[in-house]
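> Sequence and predicted structure are below.
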Amino acid sequence: MLRQSYPKPHVGENDDGEIVMSNPSVRLGVDIGGTFTDVVMEVGSDQYSTKVLTTYSAPEAAIVDGLRQVCIKAGIRPTAVGQIIHGTTLATNALIERRGAKTALITTCGFRDVIEMRTESRFEQYDLNLTLPEPLLPRQQRFTVTERISARGEVLIELDTDEVDTLINVIAEGGYESVAIGLIHSYLNDQHECAVRDVINAKLPNVMVSISSEVSPQMREYERFNTVVANAYIKPLMKSYLSRLQGVLKKEGVNCPIFLMHSGGGIISIDSAAEFPVRLVESGPAGGAVFAANIASRYALDKVLSFDMGGTTAKICLIKNQTPKTSRVFEVARTYRFKKGSGMPISIPVIDMVEIGAGGGSLASVDAMRQIRVGPHSAGSEPGPACYGRGGDKPAVTDADLVLGKLDGNNFAGGSITLYADEATRALENVLGKTLDMDAQTAAYGLVEVVDENMANAARVHAVENGEDLSEYTMIAFGGAAPLHASRLCEKLGVERLLVPPGAGVGSAIGFLRAPFSFEANRSHYMRLSNFNGQLVSELLAELSSEATVFVRSCDTDATIRCEYKAYMRYSGQGWEIPVPLSDQQAIAPDGGVYQSLFEAEYASLFGRVVEGMDIEITVWAVNATTPTQVENTIALAVADGNVLTSESRMVFDSALGGNRNASVIHRNDLKTGQVLGGPAVISEDETTIIIPQSRQAMRQVDGCIDITVQLGETR
Amino acid sequence: MSNKTSNVASQVMWNRLISVVEEQAQALVRTAFSTSVREAGDLSAGVYDTAGRMLAQAVTGTPGHVNAMADAVPHFIRRVGAENILEGDVYITNDPWEGTGHLHDITVVTPSFFQSNLVGFFACTAHIVDIGGRGFGADANSVYEEGLYIPIMKLVEQGKIDSTLIKIIRGNVREPDQLVGDIHALSTCNEIGHRRLIDMMGEFNLQSLDGIAAFILDNSRRATLERINALTPQQASGEMRIDGYSNPIDLKVNLVFEKDRILCDFEGTSGLDKKGINVPLVYTKAYACYALKCAIAPEIPNNTASLAPFEITAPENSIVNAVHPAPVALRHVIGHMIPDTVYDALDKMLPGKVPAEGAGCLCNFQVSLRPRTDDITDSADIAARDVAVRSEVLTFNSGGSGARPTQDGMSATAFPSGVMTMPIEATEHVGPVIIWRKELRPDSGGTGKYRGGLGQYMEVGAVEGHEFDFQAMFDRVDHPARGRQGGGDGAATEIRQDDKTPMQGKGKQFVPHGRRVVLSFPGGAGYGLASQRDPALVRRDLARGYISVKSCIQDYGFTQADVDAVLDAVKRGDEIL
């Protein structure tokens, strides 16, 4: 396997003043999740991993614990670690649980309530008792100053500096730790935001300041203000965490540089992360997408659907040409059934994925139409699904999987947790069976079909929104629950090939180790093609590319840095921009006619046609500076080497056939490269179970991936 | 397959059809040009069986299409004629009475064929920017003045588009490219639905939708009737007076719970208005039915069977059952008030269920900007005028919603419409308009145990060198939202210029160069007695500035010392509640 160049050896001192040298080929990926902290150590091509429980009060403690464990497994000392890449849900959780700093917002007079008024709509049409999400900052923490910039970036009203001075006193008296500054049209002209920041920095040096023209220089005040507020809100917390982390790691003897995974699928320096912590939101799932993209490159697959299903949610992401699809705004902390509009928008570069409330712990119920509904409520780990035997009395997806024979109750999580089929059966009968006149197995079948259909629908909608046909795609499945459901999803979506990579349980952390250094800079600048100014465009893109490059250069002093250019375009009058990638040449020497044909090609591929006679406009420009992604050597596909012989079997329900089938059972380690296992079959391992329905067959590839394809003689 | 497993398959297919129509609607949002579709979600999409029965409908930003969509497809089948429905056809109309209530809504219906047999229909509706005539406003005296009328007809016959129709449309509207773009977007979105349906039929080996249609409609009917039959048979009446155009309008309703159905009749409601705020019955049905469903059967999806037990009637030529050729362009202004009227009756039958009155209709306005026309001599003024442009800017805004029986109302949030506002930064890129202010309006929520949602302030002007006409579409100037169970009324709508020049709540009004329009949008009403409000909530409201010191003392009985304690805590930055 070809790797990107290893980091240079790092020389430092440990606490005893002893000079130590790290080994650049030893890299550590650390993913702090909601339940577990995953740690993966790579030593050359060897991999060692562990999962430890996340320690909320001091998240760095779990990292140290995990670090020690993998060091023992690998037989090396912590001093040898050459590079750490870290991703975390801490930023996301701080926003969800409202555990941020005491923060004030300073905004333009007349616009105090932008983050509270949102889009003025209800995200659920039929609920008279709807509760809207509270803004991050209550109204008394939002202050205004007299000033105004126009839509052309000109000063309409000068900043009232006396008011600013008065405000500084209010902020000092209120004991605020962090201040967000968001002024109208500041993405066009940041002089007033900078002026307010400079006064605060001068008079209140201990107060942290975030300005919207730096954090998210994009048009649309609600999204921009909310993003700068979120950044300010979590900045003190994340800054202090990151510095504690450096401290404890140093104590362990780790002196290497630490980098952070960001939501856009790349890595940034610890200093950039502390300055723009909002970019760390959703870094874990981003790592998962990078993991899948890396497998895609190993198999030279240009169209991949990554499917990550854990305990509470499933995440689906399109990966084209080995690059996860990105977006520039997403919603965090949804409060109502993962429903769009029930959270808060964050406009930062982010890997575009759909997340739905469907996981192993998702609970089922029957609604007024006697339809089975699954999720988004989850049994969590306490009490857990009914089959855990810890008092859960509602049926979860895991209960249905057990009753259908997909899980082996005596061999779950490597035998560490016993699953009780009688408890699962009772919950299925009580909650679903009695109302619907179904036995436990039919109820389990219904439950699993509904959750699989929900996930398939989410994937279909996501594909259609992106103008993609999933039948041309390969699925890559990871996360504890995904391999149980992935084949059925493939049947439903007409996807013919499925890969289940090894290490699926710690996929995100492995993904961190595959991510490039990258930083995306973007800016709103409104321009119609009928009024195209090529020189201005080339200057703007050059400015953005140097801004982005500085961040990447701070991580790696001599790697090649490549810039990827994008313009967000639409027909004048439309509200929905589509990203149009530009080549280096098109960025350096922009031509309106070329931009028009690029846009029309993208538009036609999404919506099937172009619209004659309409002017086209560009609203946002983006430049992503990145070191090369790790290009994997394409592996040689294994040659089928006969069917594997299995000694075990059990009855497993096949949803496509609507009945039980006798399935061969084998442990993943017993399947050798090239050996073929025809469905119905079960491949078990400690972290998960792979279900092969009758329509599919599996073969082990040389890198350990289980390659699942349509079985000869089967139609889908 | 056994019965049990086919039940599971039917559940999956129902889920799938709902996903298909949501996807159909999303495709429309992304490709439409009209601000009302893409920003406000003023659109609808549905799938039907061969008899024209609606099986599933996307939940979109507006309830105004709920029943209208369910009724529309049978009109198409009848008008086109079963024998003329051919593979590759697409039909169109903007008939206010057989479509969705005004000429500005275009409905497109596409028959769906599988293996050469008709298996169903897809329909979708979108509110378009302009349809010619006098433009979008209440000023017409009949529907003939409101724009181009397209009777139910074929837009595409067996794959061939009717280019004569397209020429006529192009020749009659102000923004022909946009409108034709929108019509294409509508037919594309039906096509997306059709393709997904055919995939599903292949996957489940279906020849027709009869089986799944029966499953959906039977379960929906049964669930809806269970809800209705759980209600005690009784009747009650409700009423509400609103501003209207030139004369106040009385909306009256009589509601009857019976076995297997709910009757809702608008006998006694005012007659037609001379201006275009009249409402075709389809639109009245939609909002009355929406209000009842929210209160009685909120989670049952809309389809022909779940809507059928709600029987909505109104006397012909009342303002809620306007017949041709009454002007109807702004039917939403009255239509959005229907739920509060229905709730006035419903509260008497199901106490503690429905909210107090709210702002009701959306606080939308349109600004028509142009270079200033007054006499000027200053060279800088002349230079500014010479670069000025003409432009139309439409905005969507919301007042406060009514307090609920156990919660405050929602501030600056629409009910019953579910539209979204536009970012002011985006609005200012559309045309030379400047929004100087858009923020909550303290003290505008009606007092009560639960406070009404706050309305909002807006201040609108033009870029240097421009003057404008301001098209107002507001209500509740003279008739603010009324409180329930002792709750206070919401604040009324106010409109004037910044030099105090008074303005009207409805109609097109000139605003000279340099002047701004100052708007105060209405608040929702309160629920229950203010004296019973939790003092912690009063403290919170004072700290946040939702209520003034004066209201805190007068309405909620706080002492000056109580007030000072809160304000001091705010200064110290203490957390409150």
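Received it, and whenever you're ready, just let me know what you need.
> secondary structure element for the residue in the stretch 401-550 of chain A positioned nearest to chain B?
Per CB to the nearest CB, residue A:457 is where the stretch 401-550 of chain A lies closest to chain B, at 4.0 Å. To be clear about C-beta, it is placed using only N, CA and C from the backbone, and glycine gets the same treatment. If you go by DSSP states H and E, residue A:457 is part of helix A:440-465.
> got the contact list for the following helix or strand past that helix?
In the C-terminal direction, the helix or strand that comes right after helix A:440-465 (DSSP H and E) is strand A:474-478. For strand A:474-478, contacts defined as CB atoms under 8 Å, 6 or more residues apart in numbering or on different chains pick out A:288, A:291-292, A:295-296, A:299, A:301, A:303-309, A:319, A:483, A:486, A:489-490, A:493, A:495-501, A:504-505, A:507.
> I figured residue A:399 was touching residue A:386, is that so?
Yes. With contacts counted by CB atoms under 8 Å, residue A:399 reaches residue A:386, the gap being 5.1 Å.
> With neighbour numbers in mind, choose between those two.
residue A:399 (37 against 30; other CB atoms under 10 Å in any protein chain shown).
> Find the nearest non-adjacent residue to the more buried one, please.
The shortest distance from residue A:399 to any non-neighbouring residue, by CB to CB, 6 or more residues apart in numbering or on different chains, is to residue A:424 (3.7 Å).
> I figured the one you found hits residue A:387, correct?
Yes. Using CB under 8 Å, residue A:424 is in contact with residue A:387, at 4.0 Å.
> how about the residues of the stretch 251-400 of chain B near chain A?
B:293-295, B:297-301, B:353-355, B:396-398 (CB under 8 Å from any CB of the partner chain).
> Of these - the most surrounded one?
When neighbours are counted as other CB under 10 Å, the busiest of those turns out to be residue B:398, with 32 neighbours.
> Now do the contacts for it.
Applying CB under 8 Å, 6+ apart to residue B:398 gives the contacts A:120, A:121, B:359, B:362, B:363, B:412, B:413, B:414, B:419, B:421, B:456, B:521.
> and if you look at residue A:420?
Contact analysis of residue A:420 by CB under 8 Å, 6+ apart lists A:386, A:387, A:388, A:389, A:409.
> strands paired with the host helix or strand of residue A:40, and their directions?
Per DSSP H and E, residue A:40 falls inside strand A:36-43. Sheet pairing for strand A:36-43, assigned by DSSP bridges, gives strand A:23-32 (antiparallel), strand A:46-53 (antiparallel).
> if you average pLDDT over the first one, what comes out?
Think strand A:23-32. Per-region confidence: strand A:23-32 scores 90 on mean pLDDT.
> and that strand, C-alpha only, in PDB?
Output in PDB follows, covering the C-alpha atoms of strand A:23-32 (Å, rounded to 0.1, in the frame of the first residue of the first chain):
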ATOM      1  CA  ASN A  23       8.900   7.300  15.200                       C
ATOM      2  CA  PRO A  24       7.200   8.800  12.200                       C
ATOM      3  CA  SER A  25       5.700   5.500  11.200                       C
ATOM      4  CA  VAL A  26       3.800   5.200  14.400                       C
ATOM      5  CA  ARG A  27       0.500   7.100  14.100                       C
ATOM      6  CA  LEU A  28      -2.500   7.300  16.400                       C
ATOM      7  CA  GLY A  29      -6.100   7.900  15.400                       C
ATOM      8  CA  VAL A  30      -8.400   8.900  18.300                       C
ATOM      9  CA  ASP A  31     -12.200   9.300  18.000                       C
ATOM     10  CA  ILE A  32     -14.200  10.400  21.000                       C
END
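> what about it, distance to the chain center?
20 Å (CA atoms, centre = their mean, to the nearest Å).
> quick one: the helices in the stretch 551-700 of chain A?
Using DSSP state H, counting those that start in this stretch, the helices of the stretch 551-700 of chain A run over A:584-588, A:592-607.
> Poorly predicted segments of the stretch 301-450 of chain A, please.
For the stretch 301-450 of chain A, the stretches flagged by pLDDT under 70 are A:337, A:381.
> near chain B, which residues of it?
Residues of the stretch 301-450 of chain A lying close to chain B (CB under 8 Å from any CB) are A:367-372, A:436, A:438-439, A:442, A:445-446, A:449-450.
> Distance to residue B:110 added to the residues you listed, as CSV?
Converted to CSV, these look like this (distance: CB to CB, whole Å):
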residue, distance to residue B:110
A:367, 31
A:368, 31
A:369, 27
A:370, 31
A:371, 28
A:372, 31
A:436, 35
A:438, 37
A:439, 42
A:442, 37
A:445, 35
A:446, 33
A:449, 29
A:450, 29
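> By neighbour count, sort out the buried ones in the residues you listed.
Neighbour-count burial (16 or more other CB atoms under 10 Å in any protein chain shown) applied to those gives A:368, A:369, A:370, A:371, A:372, A:436, A:438, A:442, A:445, A:446, A:449, A:450.
> quick one: which of those is nearest to residue A:277?
Checking those against residue A:277 by CB to CB gives residue A:450 as the nearest, at 38.1 Å.
> who touches that closest one in this structure?
By CB under 8 Å, 6+ apart, the neighbours of residue A:450 are A:364, A:371, A:372, A:373, A:374, B:11, B:12, B:15.
> can we see that at 7 Å?
A:372, A:374, B:11, B:12, B:15 (CB atoms under 7 Å, 6 or more residues apart in numbering or on different chains).
> Would you indicate which residues of the host helix or strand of the third one are buried?
Taking DSSP H and E as the definition, one finds residue B:11 inside helix B:3-31. Applying a neighbour-count criterion of 16+ other CB under 10 Å, one finds B:4-5, B:7-31 buried in helix B:3-31.
> Just the endpoints, please. Distance across stretch B:370-388?
In stretch B:370-388, first residue to last residue: 7 Å (CA to CA, to the nearest Å).
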